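Provide a 3D model corresponding to the input given below.
(one chain, ligands or ions: 2)
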Amino acid sequence: MSERHPIIAITGSSGAGTSTVTRTFQNIFRREGVKAAVIEGDSFHRFERKAMKQRMAEEEAGGNRHFSHFGAEGNMFEQLEALFRDYAASGQGKSRLYLHNELEAAPYGLEPGTFTPWTDLPAGTDLLFYEGLHGAVKTETVDVARYPDLLIGVVPTINLEWIQKLIRDKTQRGYSQEAVVDTILRRMPDYVNYIVPQFGLTHVNFQRVPVVDTSNPFITRDIPTADESVCVVRFAQPKGIDFQYLLSMINGSWMSRANTIVVPGGKMELTMQLIFTPFIWRMMERKKRALGLA
Ligand SMILES: Nc1ncnc2c1ncn2[C@@H]1O[C@H](COP(=O)(O)OP(=O)(O)OP(=O)(O)O)[C@@H](O)[C@H]1O
Ligand SMILES: O=C(CO)[C@H](O)[C@H](O)COP(=O)(O)O
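Ligands and ions are numbered 1, 2, ... in the order given. Presented below is the predicted three-dimensional model:
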């Protein structure tokens with residue numbers, strides 16, 4: 001936690017929709033004139049694609065079919081923790097990108113599946129914004145979750161998450177159906193041990209729930225649309241959340257528990273704007289006061 005150099009982290013599995021939620025936040029930042037240093041979680045993978053494949057083959061030869069991008073050995077949790085710690089203390093740090101496909105790689109003249117070099121974060125940012133797999137990860141040796149001032153989980157029901165991943169990886173990342181299914185199976189133990197526990201540490205979770213049949217996500221051709229889903233928004237600490245205001249502003253919303261509001265799928269972005277814009281105002285006011293500027 002840092003008043004001078006706050007951190008917002010969006011955490012979710014692969015295909016959950018963290019990049020989509022990031023676009024909503026970028027709109028809020030633009031509108032409110034907030035300068036954010038954006039970090040993509042995949043930058044903290046430990047290996048480039050070729051090295052990862054080789055390492056997976058070695059592990060498999062030794063009987064481990066579950067070496068994955070979700071776990072501790074496939075990522076640099078210590079460096080992620082250090083980035084959060086350093087940014088909270090000084091507003092500085094280094095980042096890089098993992099280039100998933102030709103489109104992402106072309107501007108850098110690099111191969112897909114490689115990293116860009118580490119570079120300093122831009123100077124004078126108002127906050128750090130992390131989007132990725134491990135924004136609230138906590139292990140015996142690392143505690144990333146303690147640093148963000150706002151921790152948001154993006155967690156569709158698992159069938160929907162798989163549909164989103166399958167369709168995105170096949171259409172945008174050039175993978176076959178079999179390759180994506182293999183990845184989902186390979187990652188399952190790390191999913192349970194490293195991804196899921198984070199959603200008990202987040203401040204707010206957004207869970208999109210389809211209201212169409214997704215019983216077999218592996219044969220589904222389309223991602224359920226906004227009209228075909230609802231979004232469950234759960235606050236870990238509801239004290240201070242103005243539910244009456246949210247209910248009156250979001251047509252079709254209702255409370256399902258004392259800390260949980262359900263909104264129509266198409267209202268997810270509006271809901272985020274209504275909840276987080278005032279939060280970011282307060283964050284910026286605290287920052288100004290802490291820096292003696294207000
Ligand atoms: N609210 C939503 N409604 C409909 N489709 C969505 C929604 N959120 C995400 N998707 C779709 O799901 C797919 C995966 O989303 P996205 O790329 O944001 O996931 P991600 O969590 O960033 O994944 P990764 O970490 O693997 O990059 C995309 O095709 C995206 O358009
Ligand atoms: O979505 C992911 C993690 O969020 C990817 O699976 C991960 O970044 C590795 O990518 P690739 O398998 O394309 O090298």
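
Every contact and neighbour count from this point should use C-alpha atoms.
Fine.

ok, residue 154 - contacts?
10, 11, 12, 13, 16, 17, 18, 205, 206, 207 (C-alpha atoms under 8 Å, 6 or more residues apart in numbering).

Among the residues you listed, which one sits closest to ligand 2?
Minimum distance to ligand 2 across these is 6.6 Å, recorded for residue 13 (C-alpha to the nearest ligand atom).

can I assume the closest one is in contact with residue 155?
Yes - if you go by C-alpha atoms under 8 Å, residue 13 and residue 155 touch, sitting 7.3 Å apart.

Need the overlap of contacts for these two.
With C-alpha under 8 Å, 6+ apart as the test, residue 13 and residue 155 both reach residue 161.

Out of the contacts of residue 154, which is nearest to residue 69?
Closest approach between those and residue 69, by C-alpha to C-alpha: residue 13, at 10.3 Å.

before we move on, what SS does the closest one have?
coil (DSSP: H, G, I helix; E, B strand; the rest coil).

on that earlier part again, let's see which of the contacts of residue 154 end up in helices.
Among those, the residues falling in helices (DSSP state H) are residue 18.

Go back to the contacts of residue 154 and keep what's next to ligand 1.
Near ligand 1, judged by C-alpha under 6 Å from any ligand atom, the entries from the contacts of residue 154 are 12, 13, 16, 17, 18.

Report how many residues lie close to the third one.
Counted with other C-alpha atoms under 10 Å, residues neighbouring residue 16 total 26.

Next one: the residue of the stretch 1-150 of the chain found nearest ligand 2 from ligand 1, what distance?
Nearest residue of the stretch 1-150 of the chain to ligand 2, counting by C-alpha to the nearest ligand atom: residue 14, 4.3 Å away. Residue 14 sits 3 Å away from ligand 1 when distances are taken as C-alpha to the nearest ligand atom, to the nearest Å.

before we move on, what about residue 24?
10 Å.

residues of whatever helix or strand that residue lives in that come out buried?
Per DSSP states H and E: residue 24 is located in helix 18-32. For helix 18-32, the neighbour count (16 or more other C-alpha atoms under 10 Å) marks 18, 19, 21, 22, 24, 25, 26, 28, 29 as buried.

now for it, which elements pack on it?
strand 7-11, strand 127-132, helix 268-290 (3 or more C-alpha pairs under 8 Å, 6 or more residues apart in numbering; DSSP states H and E).

for it, the distance to its chain's centre please.
12 Å (C-alpha atoms, centre = their mean, to the nearest Å).

Any residues of the stretch 1-150 of the chain in contact with ligand 2? List them.
14, 42, 49, 100, 113.

pretty sure the first one is touching residue 163, no?
To tie it back to what came earlier, the one meant is residue 14. No - Residue 14 is beyond contact range of residue 163, at 11.0 Å (criterion: C-alpha under 8 Å).

Quick one: the helices in the protein, in order.
Using DSSP H, the helices of the chain run over 18-32, 49-61, 77-90, 102-105, 158-172, 177-190, 243-249, 268-290.

could the ones you listed go into a markdown table alongside mean pLDDT?
Output for those, formatted as a markdown table (pLDDT from 0 to 100):
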| stretch | mean pLDDT |
| --- | --- |
| helix 18-32 | 94 |
| helix 49-61 | 97 |
| helix 77-90 | 96 |
| helix 102-105 | 96 |
| helix 158-172 | 95 |
| helix 177-190 | 96 |
| helix 243-249 | 98 |
| helix 268-290 | 94 |
